[in-house]
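Participant: Show me the folded form of this:
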Amino acid sequence: MSFAVTVLGCSGVYQTRESAASGYLIEVDGERWLLDAGGGTWRNLLQHMDYRDLRGVVLSHRHPDHTIDIWQLFHALQYGVEGPAPSIPLWAPQETIERLLGFDPGIADGFDLIPVTEASEITLGEARVSFGRMKHPPVTFGTRIEYAGSSFSYSADSGLEGDFERIARDADVFVCEATAQNSDEPWWGHLCAADAGAIAARMGVMKLVLAHIRPGSDRELSLAEARVTAGDIEVELASDGLRLEVG
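Facilitator: Purely as a prediction, here's the structure:
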């Protein structure tokens, strides 16, 4: 049995030369799903797999730095040289689905669009996925994925009031946004690295991975600030291509 997550992108707000925006490849016993699809993640995904083998997509919220490359996948599925591929499930908040349909209703031809709420539970193969409502301007859900006694948590974007208890309690790996630093002006709907460390400590996670750091920030400073508040929890920086073994 295998359970792993590969970082396809982790730059906060927008992609850079060094990193794509937010996106993660979930692997459970050799089957793969996409969690968020920010700018640049499509190209990185192609380094790891044949997109036609993707089993489905989960989108946390409608902001472009988490969704824009869904259109790359859509075009590949619909207009590839072998003709349209079978539709695959796309789970997202209703608000996100409505925005996608508003941009191009044809997306319903490439995906089975399935709305989720904080009460929803879905499966990725044999893995169980639950959702928590996060504190961010659009409707946003963090995710918790459980398989074979191990758990992975993804905060998506959130301020301090997000439902971290639901998604991150005792998680083996917690990928948490760390947009800002202690010296920055507070940004409503986002965390600083020290917040991420404190939440990880409070939730009793085993490993914290810092993501969604604002471009131009000193990443090593973010790491240092998170380690102060995380106590003895292992903390590392997300980077494109990083593979996280969950179980």
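Participant: So residue 227: helix, strand or coil?
Facilitator: helix (DSSP: H, G, I helix; E, B strand; the rest coil).
Participant: Not counting its neighbours along the chain, what's nearest it?
Facilitator: Spatial nearest neighbour of residue 227, excluding adjacent residues (C-beta to C-beta, 6 or more residues apart in numbering): residue 235 at 5.1 Å. C-beta coordinates here come from the backbone N, C-alpha and C atoms, glycine included.
Participant: do residue 199 as well
Facilitator: Nearest to residue 199 is residue 164, by C-beta to C-beta, 6+ apart, at 5.3 Å.
Participant: Show the contacting residues for the one you found.
Facilitator: For residue 164, the contact set (C-beta atoms under 8 Å, 6 or more residues apart in numbering) comprises 132, 142, 155, 158, 199, 202-203.
Participant: circling back: quick one: contacts for the residue nearest to residue 227?
Facilitator: Contacts of residue 235 by C-beta under 8 Å, 6+ apart are 197, 200, 207-210, 223, 226-227.
Participant: That one falls within a strand, correct?
Facilitator: Yes - counting by three-state DSSP, residue 235 is part of a strand.
Participant: Distance of it relative to residue 200?
Facilitator: 8 Å (C-beta to C-beta, to the nearest Å).
Participant: Common neighbours of those two, please.
Facilitator: Residues touching both residue 235 and residue 200 (C-beta under 8 Å, 6+ apart): 208, 226.
Participant: And the strands in this protein, which stretches?
Facilitator: Applying DSSP state E to the chain gives strands spanning 3-9, 23-28, 31-37, 54-58, 88-93, 111-116, 121-124, 127-133, 141-147, 150-154, 173-177, 207-211, 234-237, 243-245.
Participant: Tell me which of those is the most buried.
Facilitator: Burial of those is given as mean neighbour count (mean count of other C-beta atoms under 10 Å); strand 173-177 ranks first at a mean of 29.
Participant: Closest to residue 31 out of the contacts of residue 235?
Facilitator: residue 209 (22.2 Å; C-beta to C-beta).
Participant: For residue 122, see how far away that closest one is.
Facilitator: The value you get for residue 209 to residue 122, if C-beta to C-beta is used, is 23 Å.
Participant: Also residue 36?
Facilitator: 15 Å.
Participant: if we can go back for a sec, out of the strands of the chain, flag the one nearest residue 17.
Facilitator: Of all the strands of the chain, strand 3-9 comes closest under C-beta to C-beta, at 12.5 Å.
Participant: In the sheet, which residues pair with the residue lying closest to residue 143 once chain neighbours are set aside? Tell me.
Facilitator: With sequence-adjacent residues excluded and distances taken as C-beta to C-beta, 6+ apart, residue 143 is closest to residue 154, at 4.9 Å. Beta-bridge partners of residue 154, counted by DSSP bridges, are residue 143, residue 175.
Participant: Quick check, residue 154 in contact with residue 140.
Facilitator: No - if you go by C-beta atoms under 8 Å, residue 154 and residue 140 don't touch, sitting 11.1 Å apart.
Participant: Find residues that contact each of those two.
Facilitator: residue 60.
Participant: Tally up the residues packed near residue 183, please.
Facilitator: The tally of other residues near residue 183 (other C-beta atoms under 10 Å) stands at 8.
Participant: Can you tell me how far it is from residue 193?
Facilitator: Counting by C-beta to C-beta - residue 183 and residue 193 are separated by 11 Å.
Participant: And for residue 135?
Facilitator: 17 Å.
Participant: neighbour count winner among those two?
Facilitator: Using other C-beta under 10 Å as the criterion, residue 135 and residue 193 rank with residue 193 on top: 32 against 17.
Participant: so residue 84 sits right up against residue 74, yeah?
Facilitator: No - with contact defined as C-beta under 8 Å, residue 84 does not count as touching residue 74 (10.7 Å).
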